[in-house]
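1. kindly generate the corresponding structure for this input.
(2 chains)
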Amino acid sequence: MNRFRSLEKSKLVIMPRLHAHEAGKPILRLDKVTVAYESGKALDEISFELQRGERLAVVGPNGAGKSTLFKVIAGVLHPTSGLVEVAGSQPDGHICIAYVPQRSQVDWNFPLQVRDVVMMGRVGKIGWLRRPTPKDQQIVRRALETVGLQELADRQIGQLSGGQQQRMFIARALAQEAELMLMDEPFTGLDVPAQEELFRILDSLRTQGVTVMVALHDLQTASERFDRVMLLNRRLIGLGSAEQIFTPEHLIAAYGGHLRLIPSQQGFIALGDTCCDEGEHDHL
Amino acid sequence: MIIFDWLLQPLQYAFMQRGMLAAVMVGIVCAVLGVFVVLRGMAFFGDALAHAILPGVAVGYLIGGGAREPLFWWGLLTGVFAAIGIGTISRSTRIKEDTAIGIIFAGMFALGIALISSVRSYTADLAHFLFGDVLGVRPPDLLLTAAFGAAILLIVFFLYKELVVLSFDPVLAATLRLPTRLLDYLLMVLIAIAIVVSLQTVGVALMVAMLVTPAATASLLSRRLPVMMALAALFAALSGVIGLYLSYYLNVASGAAIVLTCTAFFGVVWIITGFQRRGLQ
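-> Residues are numbered from 1 along each chain as shown, chains lettered A, B, ... in the order given. Okay, the predicted model is just below:
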């Protein structure tokens, strides 16, 4: 309980700097973004817009290009063709985008403490040849408070539970003063209380105007807890409210043979492929 | 007092003093960089780079007719080129990284042996390049080692936070708009320089042990990066000194003695921490 109270208290403390960008523009706009490898297209003419503060679920089978999409938006990977605009300009110059990696892709034995990882979000702002200032320390402390990890700041990262690990990366995104947060499979392997806690933190981020894109596998979570959902399988199959998007036609288009639709009284039950330990291949 | 004599006796020789100084300096520099090598899984890269330097050393050997300076500078030139070359080729998507490294490493190593073998009575010199000749270190060599070693440590100190971000989470480094490729190459070039200054101490064949073993030993003992670096440097420096004593009294090759001491430290720490972990369970 204590943790939640401190979370409430510090809700208003961290305000990403919004004034840096032109107001009114969508926080994110993709125009016909294509990523092609020798083996084929990972993303095919993806176009969409995202408004500030929105929470979008990105759903699709393994290999649908979710990680690739996130890396293109983060500016880590350059699209073969098409345009990505973050708050009206190309992502190359922005550090207001935070990428929260899949937990399975992180080396949890790395000799770092929770505090060190969160401070990494500040490295770009601290600048070359400089050490963290008291202001940086304070931002890190507040970020840890926001996610309720202040008491675990000195833990080695491998000693955290799955939910705590996820919250640590959110704290790092906050320390980075991110306005757009890309989370790759954050709920995978978390129990229900840990998932609920993540949603509580995401709710508090929304009040701060942080836009969040989450890749996930669970269609039910996607439809119940997100403003809009995106169905992706290399191309954009649909983007809108869950009722509009999660139709049998769309789902079959996305999942193909991996999906079984079982008719029931309410409509149908969709069984997607929910195995997700491997994630997608890294093309970096 | 016997133990005092035992410790002091080898030190009456100037070549032993210089050897120990060299072994300690080289040990510290390699251990600090070695922490990054271990954390990033670059052991094979380090081993390959050490071997790939041999043709450069060979050219220096043939040109200089046995003089030391050409060996060092040719080695350095080759090391930097090999580091950049391996880095570039391993980025190509058509061949797997370790395969690419293997091809270059074996090819360069063979070229080095071929060049050296063109000189008659080459075996003694070849052995020095392969396994080190720390007791042959001269004062100018010590100066070069100190200068380059200090430069490496300073660069690591000043770019510490960037190098850590790059090693832990390259995607974060990219989203923070750090020059990731440049930093990658910088780290590889630093490793190449460390290898060249260490060449005389342990030689190309055992080089990888100086990079990997003390850092791995330290990683068993600490979960904090700065502590891990300090411990790795300590183990490496101790191994240099103890190794040379062993070499003196047991009459074994100095490079091998140093590396064996590093390995012994690792073994002891591994067993002790293994017992502790079992005790906790």
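
2. distance of B:L206 from B:T213?
-> Distance check for B:L206 against B:T213: by Cβ to Cβ, to the nearest Å, it reads 10 Å. The C-beta positions use only the backbone N, C-alpha and C, and glycine is treated the same way.

3. now A:K25
-> From A:K25 across to B:T213, the span is 55 Å (Cβ to Cβ).

4. now A:P26
-> 54 Å.

5. next one: A:L149
-> A:L149 is 35 Å from B:T213, by Cβ to Cβ.

6. again, but for B:P70
-> Distance, B:P70 to B:T213, by Cβ to Cβ: 30 Å.

7. end to end, how far does stretch A:79-97 reach?
-> 17 Å (Cα to Cα, to the nearest Å).

8. what about it, average pLDDT?
-> Across stretch A:79-97, pLDDT averages out at 82.

9. how about stretch B:236-251?
-> 96.

10. what's the offset of that stretch from the middle of its chain?
-> Remark: stretch B:236-251 is offset 17 Å from the chain centroid, using Cα atoms, centre = their mean, to the nearest Å.

11. likewise for stretch A:189-209?
-> 12 Å.

12. what comes up buried for it?
-> Neighbour-count burial for stretch A:189-209 flags A:G189, A:L190, A:A194, A:Q195, A:E197, A:L198, A:I201, A:L202, A:S204, A:L205, A:Q208 (criterion: 16 or more other Cβ atoms under 10 Å in any protein chain shown).

13. so what secondary structure elements neighbour the helix or strand hosting the third one?
-> Secondary structure from DSSP states H and E places A:A194 in helix A:192-207. In terms of contact count using 3 or more Cβ pairs under 8 Å, 6 or more residues apart in numbering or on different chains; DSSP states H and E, helix A:192-207 is assigned the packing partners helix A:2-9, helix A:162-175, strand A:211-216.

14. returning to what we had before: look at B:L206 and B:T213 and report which has more neighbours.
-> With neighbours defined as other Cβ atoms under 10 Å in any protein chain shown, B:L206 and B:T213 compare such that B:T213 has more, 28 against 23.

15. so that one, which state does it fall into?
-> Of the three states, B:T213 takes helix under DSSP: H, G, I helix; E, B strand; the rest coil.

16. confidence score at it?
-> For B:T213, pLDDT reads 98.

17. list the contacts for it?
-> B:G34, B:V259, B:C262, B:T263, B:F265, B:F266 (Cβ atoms under 8 Å, 6 or more residues apart in numbering or on different chains).

18. briefly note if the helix or strand containing the third one comes near chain A.
-> I take that to be B:C262. Assigned by DSSP H and E, B:C262 belongs to helix B:254-280. No - figure legend: helix B:254-280 not in contact with chain A (Cβ under 8 Å from any Cβ of the partner chain); closest approach 12.9 Å.

19. low-confidence ranges in the chain?
-> Here I'm looking at chain A. The model of chain A has pLDDT under 70 over residues A:1-24, A:91-95, A:257-284.

20. not what I meant, chain B
-> Using pLDDT under 70, the flagged stretches of chain B are B:66, B:93, B:280-281.

21. pull up the residues of it that are close to chain A.
-> Residues of chain B lying close to chain A (Cβ under 8 Å from any Cβ) are B:39, B:93, B:158-159, B:161-162, B:164-165, B:167-172, B:174-178, B:219, B:222-225, B:227-228.

22. list the ones among these that fall in strands.
-> Of those, none are assigned to strands by DSSP state E.

23. are any of those buried, and if so which?
-> Buried by 16+ other Cβ under 10 Å: B:39, B:159, B:161-162, B:164-165, B:167-172, B:174-176, B:178, B:219, B:222-223, B:225, B:228, out of the residues of chain B next to chain A.

24. what about the residue in the stretch 151-281 of chain B positioned nearest to chain A, distance to B:V164?
-> Of all residues in the stretch 151-281 of chain B, B:L176 sits closest to chain A, at 3.7 Å by Cβ to the nearest Cβ. B:L176 is 12 Å from B:V164, where distance means Cβ to Cβ.

25. would TSV of the helices and strands packed on helix A:192-207 with mean neighbour count be doable?
-> Shown next, in TSV, are these (neighbours: other Cβ atoms under 10 Å in any protein chain shown):
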stretch	mean neighbour count
helix A:2-9	12
helix A:162-175	24
strand A:211-216	25
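
26. between these, which one is nearest to chain B?
-> helix A:162-175 (7.7 Å).

27. could you check the angle helix A:192-207 makes with that closest one?
-> Going by axes from the mean of the first three to the mean of the last three Cα atoms, to 10 degrees, helix A:162-175 is angled at 10 degrees with respect to helix A:192-207.

28. what's the next secondary structure element after helix A:162-175?
-> Following helix A:162-175 toward the C-terminus (DSSP H and E): strand A:180-184.

29. sheet partners, orientation included, of that next one?
-> The strands beside strand A:180-184 in its sheet (DSSP bridges) come out as strand A:97-100 (parallel), strand A:211-216 (parallel).

30. contact partners of the last one?
-> It stands for strand A:211-216. Strand A:211-216 is touched from outside by A:27-28, A:50-59, A:66-67, A:70, A:73, A:179-188, A:202, A:205-206, A:222, A:226, with contacts defined as Cβ under 8 Å, 6+ apart.

31. what segments of the stretch 1-150 of chain A are strands?
-> Per DSSP state E, counting those that start in this stretch, the stretch 1-150 of chain A carries strands over the ranges A:28-37, A:40-50, A:55-59, A:81-86, A:97-100.

32. same list (those) but as CSV, adding mean neighbour count.
-> Below are the strands of the stretch 1-150 of chain A laid out as CSV (neighbours: other Cβ under 10 Å):
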stretch, mean neighbour count
strand A:28-37, 18
strand A:40-50, 18
strand A:55-59, 24
strand A:81-86, 17
strand A:97-100, 26
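
33. residues of the stretch 51-200 of chain A that sit close to chain B?
-> So far as Cβ under 8 Å from any Cβ goes, the stretch 51-200 of chain A lies against chain B at A:71, A:74-76, A:92-95, A:97-99, A:101, A:106-107, A:110-113, A:116-117, A:120-121, A:123-124, A:126, A:128-129, A:156, A:158, A:172, A:176.

34. how about 6 Å then?
-> A:A74, A:V76, A:I95, A:I97, A:Y99, A:F110, A:P111, A:M120, A:V123, A:G124, A:L129, A:Q156 (Cβ under 6 Å from any Cβ of the partner chain).
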